[in-house]
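**Student:** let's see this in three dimensions:
(one chain, ligands or ions: 1)
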Amino acid sequence: HGLAHEITGRHSKTMNVSMSDAALSARYDFAVSVVQQAGAVAMRHFRRSDGLGIIEKGPQDLVTAADHAIDALIRNAIQSRFPDDGILTEESGGDISAQVWVVDPIDGTGNFARGIAGFAISIAFSLNGDTRIGVVFDPVAGELFVARRGHGAFCNGERMRVSTTATMGRAAVEAGYSRRTSSRDYLALMARLLDGGCECVQFGSAARGLAQVAAGRIDGYVEAHLFAWDVLAGLLLVEEAGGYADPFPLEGDGQKGLPVRACTRGLARQLQEAMNGASDPLDKMS
Ligand code: LIP
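**Tutor:** Alright, predicted model coming up:
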């Protein structure tokens, strides 16, 4: 991510646009289609043997030619079909407005750049600050995760439900990490999760990890700092699959990035305590 792009608010700040169900439904169908087109582009690049045009934006923060190609594909498609909508993407920044698309062209770029199959394309549509549409596509697994607010969450057409896990000793939790936060805090969080009995995983893509929570394959996703484009679609997947997700406001604090917690309802308090740091077990470890 490096420096978060300057997020300007060219469009109207008043978050009180009304939109018909037909207009939302058209945007949903569009998102489902364009995320799969983007996945095909990602796979063409992923399978190439002649390099991926990798650039280091910051420490362990990579971007590739595929990120830019997919960013352009999605941005051009939105501008052509929905010219009045705002667009905010990881790779080219953009506006926050009452009706805005929030896009991560490749979430898990570190994995993608290293040829590791742990990445996804994430597209969300927000109306008046509320995420109404979320699609996450994992093209390697061929898994299309979709949700509309109030209409449920699905993986390849199958209804998704979060797991019923309510105890840490039975939970599998993904704890994401980036160099935007302190390694000591991360290790302390991991120690609290492990001491609480969790199985801990870290796959390097928040969007894909949140989709696994929605699918009931893991029971929670936590990370100290993420941006809207990493998570808005995945958080909606979890909510529409019956799980809990912390609010992630697009304006205000959300513009600089926020901590993320999404999980089964039974784990919400315990994961909050783990994130807050009831005590720092690292001190005991030194
Ligand atoms: C990634 C996130 C992941 C985080 C990585 C990175 P990107 O997003 O999905 O959870 O741990 O550091 O921020 O940069 O691959 O789109």
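
**Student:** low pLDDT regions in the stretch 151-286 of the chain?
**Tutor:** Low-confidence segments of the stretch 151-286 of the chain, defined by pLDDT under 70, span residues 278-286.

**Student:** which residues of it lie near the ligand?
**Tutor:** Residues of the stretch 151-286 of the chain lying near the ligand by CB under 6 Å from any ligand atom: Gly176, Tyr177, Ser178, Gly204, Ser205, Ala206, Glu223, Asp230. Every C-beta, even on glycine, is put in place using the N, C-alpha and C of the backbone.

**Student:** among these, which are in strands?
**Tutor:** Secondary structure from DSSP state E places Gly176, Glu223 of these in strands.

**Student:** let me see the contact set for the nearest residue to Ser205 once chain neighbours are set aside.
**Tutor:** The spatial neighbour of Ser205 that comes closest, neighbours along the chain excluded (CB to CB, 6 or more residues apart in numbering), is Gly108 at 3.0 Å. By CB atoms under 8 Å, 6 or more residues apart in numbering, Gly108 lies in contact with Gly118, Phe119, Ala120, Phe203, Gly204, Ser205, Ala207, Arg208.

**Student:** can you give me the distance of the fifth one to Met15?
**Tutor:** Meaning Gly204. Distance, Gly204 to Met15, using CB to CB, to the nearest Å: 33 Å.

**Student:** more neighbours: which of these two?
**Tutor:** Gly204 (20 against 16; other CB atoms under 10 Å).

**Student:** surely the more buried one touches Gly110?
**Tutor:** Yes. Here Gly204 reaches Gly110: they are 5.5 Å apart, a contact under CB atoms under 8 Å.

**Student:** which residues do those two both contact?
**Tutor:** Common contacts of Gly204 and Gly110, defined by CB under 8 Å, 6+ apart, comprise Ile116.

**Student:** ranges for the strands of the stretch 151-286 of the chain?
**Tutor:** Secondary structure of the stretch 151-286 of the chain (DSSP state E, counting those that start in this stretch): strands at 153-155, 158-159, 172-176, 199-201, 220-226, 244-245, 258-263.

**Student:** please name the bridge partners of Glu143.
**Tutor:** Beta-bridge pairing of Glu143 under DSSP bridges involves Asp138.

**Student:** that one - how many residues pack around it?
**Tutor:** 17.

**Student:** OK, contacts around it?
**Tutor:** So Glu143 contacts Phe137, Cys155, Asn156, Ala211 (CB under 8 Å, 6+ apart).

**Student:** can you pick the most crowded of the residues you listed?
**Tutor:** Within these, most neighbours by other CB under 10 Å means Ala211, with 34 neighbours.

**Student:** backbone phi and psi for the closest residue to it other than its chain neighbours, please?
**Tutor:** Residue nearest to Ala211 in three dimensions, not counting chain neighbours: Phe145, with 4.3 Å by CB to CB, 6+ apart. In terms of degrees, to the nearest 10, the main-chain angles of Phe145 are phi -100, psi 130.

**Student:** surely Phe145 is in contact with Ala214?
**Tutor:** Yes. With contact defined as CB under 8 Å, Phe145 and Ala214 form a contacting pair (6.6 Å).

**Student:** distance check, the spatially most central residue of the chain against His225.
**Tutor:** For the chain, Val231 is the residue whose C-alpha lies nearest the centre (CA atoms, centre = their mean; 2.6 Å). From Val231 across to His225, the span is 11 Å (CB to CB).

**Student:** again with Phe137
**Tutor:** 24 Å.

**Student:** same check on Arg170?
**Tutor:** 28 Å.

**Student:** try Asn16
**Tutor:** Separation of Asn16 from His225 (CB to CB): 30 Å.

**Student:** quick one, which of these two is more surrounded?
**Tutor:** Taking other CB under 10 Å, Asn16 and His225 do not tie; His225 has more neighbours (17 against 8).

**Student:** could you find the closest non-adjacent residue to Leu267?
**Tutor:** Closest to Leu267 by CB to CB, 6+ apart is Gly220, at 5.2 Å.

**Student:** how many neighbours does that neighbour have?
**Tutor:** For Gly220, using other CB under 10 Å, the count is 31.

**Student:** contacts only, for Ala268.
**Tutor:** For Ala268, the contact set (CB under 8 Å, 6+ apart) comprises Tyr244, Arg261.
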